[in-house]
Each structure stands twice: as C-alpha cells, then as structure tokens.
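Peer 1: Pasting the sequence and the predicted model now:
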Amino acid sequence: MLSRDAEHLYWLTRYVERLENTARMINVQSELMLDFPGDKSLGWKPIIKTMDSEKLFQNKYSEYSEISAVKFLGDDKENENSIISSLEMARYNARAIKDDLPRSATEQLNNLFNEFSGGMSSSSSRRKRASYIYNVISGTQRFFGIISDNFSRGYAFEFMRLGRFVERIDMNSRIIDSLCINKSNEQTHDFHTLEWVSMLRTLSAHESFRKEIRGEIERGDVINFLLKNENFPRSIYRCLTITEKSLSALPKNNDVLEVIKKLNHRVFSARLNGYDDKQLHNFLDYLQRRIHLLDEKIHKNYFHNYL
C-alpha cells in the first residue's frame, strides 16, 4: 500500500482516539469539580498542563474556570488538541482515504462533527454540555465499532489499530499524570478517594477494577491496575501489547519492535506501589518520551524517508 495512505490511516484513528479521551476527561472532571472542596482552578489547571496547552490557554483566558476550560478543550479551534480540532483532522484524513473506508465510518465522523460543532460553547447549561460530551464518546465508539466489524484485516487495518493504541497509551499516561500528580493541599482524605474513583471512571475502568480489587480504593491498587493489568483493554501494559502485535504484523519492524518491547518490559517490571508522586510523574514522563520516539520511528519506517 502507498505510504501516504498508511499515514492517513494511522492519523485518522489517532485523532478519533484523542477526541474520545479528551471528552472523557471533560466529562469526569466536570462532575468531580462539583465535590471539589477548594479552588476550582486547581482541578482544571493540571489537565490543561498535561495536554501541553498551558501557554496557549493563559494567552486566551484569564482564569481556569469550568466554562473556560471546557471551551478550550472542547471547541476552541486554536487549540490543536481540542475535540473540534481533532474532529476536523480526523475528517481530513478520512477524506484522503475515503475509498478505503467503509462508507458508514465516514458518515459517522461527519455526523459527529455536525452534532458537536458550534453547540457546546454556546450552551450555558452544564447538563447540555454534558450531553454533547456523551454524544462524542458514544459516537467515537460507534466509529471504532464500524471499523472493527467492516474493515478487512491486513496492513491497512494494522496501521489503524497502531494509531489508535499509540494515541491511547499517550493520552492515558497524561490522564493518570493529571489526576495523580497535581493535588491540592486543601484536599481531604475523602476527596483523594474521589480522585481515584474519578480516574477509574475516566478510563471506564471502575467496574473492572472493583471485580478484581475488593475493599477500599487505594492509590497503589489503582495505579497498578491502570498501568500493569494484563486483561483490561485500557491499561498501559495491555495497549503496549496490542501495539506490539500490530507492529509484528507489519514489514520493516525491527527498530520499532525493539522500542515497544523494551517499553513493555519496563512498564511490567516497574514497582509502582513504592513510587511517590515525583517518581510516578518521572515514570509517566519517561513513558511519554518513549511513545514519542516510537511515533518518530513509525513515521521514518513507514511514512517518510526523513524526520
């Protein structure tokens, strides 16, 4: 297949996965802030920061309020990581390979864009904003369901799966970083518990976690589950394993497989229970840098002759 088509397939699913995870963060954080005992900005600022968008946000908005943060993460077109920007880039990549995609997948992206664009920021109602976010999450899941049920397995499918899970690893590490590392001194023990529940809910992991872990929700158990669980589809280790399988099915994979295998071993062997906040942050930062390196090698091997 043409390298440019492979690149469009890869980035199509990266952007769809990105907008779903951004929507998840907005959804759960909005609910969590209802119970936040102190300055509300302490809840939204870490999320903006972990998306590497702090400077742009500060140039545009005077405070980290819910309305400002949701607008910035939702439908601010100047923010390249916002839901609307990710939707536009997903549609751009889909148009470039429309003959290779199921028609219903392209229609689903267009429906998502039409439903979301221009609506959320104009609504002052938290309930209406939550409805927009819920539709984004369910809409992206329908898109991936269409791909799973209607797309022939082969190189094209593997590039789509590769893009999705590379993005998921990156976004999940950022979500964990934002909710674990940046905590207010004003928080109570009860709010710490709410944070862990919030993190699990953001990643649709609460029910699966409770089936495996009984008793109180503890920091170490949550972190271990989200990073190292071998069976949960959104855990970092599971996503790395799926990424390795996709790369194994592609040619010219020696360099990229070396990166992913080393990273997979590092995650699985890490003794996360003993990490304090700084050590965990450094570990997640290392993980994000290695994913960036993997992305560079994927581009070099499959999409371009240079970087």
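Peer 2: Thanks, I have the structure now.
Peer 1: mind showing which ranges of the stretch 101-250 of the chain have poor pLDDT?
Peer 2: 118-124, 179-193 (pLDDT under 70).
Peer 1: One more pass at 50, please.
Peer 2: Flagging of the stretch 101-250 of the chain using pLDDT under 50 yields the residue ranges 184-191.
Peer 1: Please, where are all the helices along it?
Peer 2: 103-116, 126-150, 155-180, 189-202, 206-212, 219-228, 236-248 (DSSP state H, counting those that start in this stretch).
Peer 1: quick one, which of the ones you listed is packed in tightest?
Peer 2: By mean neighbour count, with neighbours taken as mean count of other CB atoms under 10 Å, helix 155-180 ranks first of these at a mean of 23. Every residue, glycine included, has its C-beta placed from N, CA and C.
Peer 1: Just put the helices of the stretch 101-250 of the chain in TSV and tack on distance to Asn264.
Peer 2: Listed next are the helices of the stretch 101-250 of the chain as TSV, based on distance: least, CB to CB, whole Å:
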stretch	distance to Asn264
helix 103-116	30
helix 126-150	23
helix 155-180	10
helix 189-202	22
helix 206-212	20
helix 219-228	11
helix 236-248	4
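Peer 1: looking at those helices, which is closest to Phe72?
Peer 2: Closest to Phe72 of those is helix 126-150 (CB to CB; 13.0 Å).
Peer 1: angle of the closest one against helix 103-116?
Peer 2: Interaxial angle, helix 126-150 versus helix 103-116 (axes from the mean of the first three to the mean of the last three CA atoms, to 10 degrees): 170 degrees.
Peer 1: Run the chain-centre distance for helix 126-150.
Peer 2: Centroid displacement of helix 126-150 relative to its chain, using CA atoms, centre = their mean, to the nearest Å, is 14 Å.
Peer 1: which outside residues touch that helix?
Peer 2: If you take CB atoms under 8 Å, 6 or more residues apart in numbering as the criterion, helix 126-150 is touched by 13, 16-17, 19-20, 23-24, 26-27, 30, 66, 70, 74, 83, 102, 104-105, 108-109, 111-112, 115-116, 119-120, 123, 157, 160, 164.
Peer 1: Please repeat the previous calculation with a cut-off of 7 Å.
Peer 2: 16, 19-20, 23-24, 26-27, 30, 70, 83, 102, 104-105, 108-109, 111-112, 115-116, 119-120, 123, 160 (CB atoms under 7 Å, 6 or more residues apart in numbering).
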